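S.K.: return a 3D structure for these sequence lines:
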Amino acid sequence: MKTLEGRVIKAVASKFFVDTPEGVKICFARKKLKADGIIFVGDAVKISKDRDAYVIEEVRERKNCLVRPYVSNIDVCLIVIAPVPEPDFLNVDKIIVNCLEQQIEPILVVNKADIGEVDAKEYDGVLKVVHVSAESGFNVDELARLISGKTACFAGQSAVGKSSLINALLDCDALEVGELAKKIKRGKNTTRKTEIIALSGDTYLVDTCGFNMLDAVDMPPEQLRLYFDDLERYRPLCRFNMCTHICEPDCAVKPHVGKEIGAGRYERYKLIFEELKKRREEKYD
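M.R.: Numbering: from 1, shown residues only. Below is the predicted model:
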């Protein structure tokens with residue numbers, strides 16, 4: 001029986017579109033695979049032909065995976081914000097934590113540079129920040145350079161221009177672009193499926209629907225500090241080695257808040273910490 005190696009680039013209902021050296025094959029999953037768990041877009045798989053249909057025989061080990069929606073084997077996450085709608089930086093920080101926990105490089109993309117600016121100085125030294133305009137094409141080439149040779153997914157609020165950025169990178173109107181809901185200043189989600197799009201060579205884009213309200217990963221709250229490098233760099237000077245930078249005496253982080261550490265960034269750290277703490281308490285209550 002002939003087998004092929006490939007990658008799931010799209011999933012629609014029970015059909016999986018697998019990119020192989022012999023082209024894209026529409027596949028179904030073996031019942032055993034369905035029973036074992038969900039097949040993610042991005043999965044490396046082995047397929048074979050069974051009579052007139054292709055079936056997925058095996059899912060290779062994933063290097064990472066994200067949920068809402070289910071996507072695997074991501075190298076870079078482009079976190080998109082814009083002047084309008086107003087950026088939700090708490091959401092941004094949650095996505096950063098999730099990316100770092102999954103060993104995915106986060107990049108903050110400030111879109112719509114043609115209509116206004118966003119103050120993202122708090123993220124200087126935290127992650128790469130690139131200002132672009134999908135409308136005018138400003139800095140789109142720099143964005144393409146940053147993701148060259150990688151698989152990149154997009155995350156962020158609706159109407160910040162994720163689909164428009166993909167169109168700009170593809171240099172075509174491949175995706176429907178949503179309108180901004182004027183009354184509530186939030187976008188209408190136009191993306192209905194998760195799909196990997198080949199940009200060039202070994203560079204891929206993942207259009208991810210429903211990815212705008214990503215929850216922080218489930219971890220002990222005291223581990224959160226490990227994913228805030230701008231805070232953690234001062235930990236060796238704290239009185240306690242396991243300082244959470246919340247309520248411990250002689251914390252070396254707090255004197256730097258509002259200076260080297262953004263005040264908003266620190267407040268959001270505390271909010272996520274409390275959210276994780278509450279979740280942990282409810283779990284073991």
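
S.K.: first-to-last residue distance for stretch 65-78?
M.R.: 15 Å (C-alpha to C-alpha, to the nearest Å).

S.K.: pull the residues that contact that stretch.
M.R.: Residues from elsewhere that reach stretch 65-78 (C-beta atoms under 8 Å, 6 or more residues apart in numbering): 7, 38, 40-44, 62-64, 95, 98-99, 102, 104-107, 109, 143, 146-147, 150-155, 165, 194, 206, 208-211, 213-215. Where you see a C-beta, it was placed from the backbone N, CA and C, and this is true even at glycine.

S.K.: inside strands: which ones of those?
M.R.: Among these, DSSP state E puts 7, 44, 105, 106, 107, 109, 151, 152, 153, 154, 155, 206 in strands.

S.K.: which SSE is the closest residue to residue 260 other than its chain neighbours in?
M.R.: In this structure, residue 260 finds its nearest non-sequential neighbour in residue 230, 7.5 Å apart by C-beta to C-beta, 6 or more residues apart in numbering. Taking DSSP states H and E as the definition, one finds residue 230 inside helix 229-232.

S.K.: repeat for residue 138
M.R.: Using DSSP H and E, residue 138 is not contained in any helix or strand.

S.K.: tell me who's in contact with it.
M.R.: Here residue 138 is in contact with 113, 114, 131, 132 (criterion: C-beta under 8 Å, 6+ apart).

S.K.: so how many other residues sit close to the nearest residue to residue 245 once chain neighbours are set aside?
M.R.: Leaving aside its sequence neighbours, residue 245 sits nearest to residue 253 (C-beta to C-beta, 6+ apart; 4.2 Å). Residue 253 has 25 neighbours, counted by other C-beta atoms under 10 Å.

S.K.: I'd say residue 253 and residue 238 touch.
M.R.: Yes: if you go by C-beta atoms under 8 Å, residue 253 and residue 238 touch, sitting 7.0 Å apart.

S.K.: quick check: neighbours shared by the two?
M.R.: Counting by C-beta under 8 Å, 6+ apart, the contacts common to residue 253 and residue 238 are residue 245.

S.K.: what's across from residue 197 in the sheet?
M.R.: For residue 197, the beta-bridge partners are residue 205 (DSSP bridges).

S.K.: for residue 112, what are its contacts?
M.R.: Contacts of residue 112 (C-beta under 8 Å, 6+ apart): 82, 83, 84, 133, 134, 135, 160, 161.

S.K.: now the residue nearest to residue 245: how far from residue 67?
M.R.: Applying C-beta to C-beta, to the nearest Å, the value for residue 253 to residue 67 is 31 Å.

S.K.: wouldn't residue 139 be in contact with residue 146 here?
M.R.: No: between residue 139 and residue 146 there is no contact under C-beta under 8 Å: 10.1 Å.

S.K.: where do the contact lists of these two overlap?
M.R.: residue 130.

S.K.: so residue 272 sits in a helix?
M.R.: Yes: using DSSP: H, G, I helix; E, B strand; the rest coil, the assignment for residue 272 is a helix.
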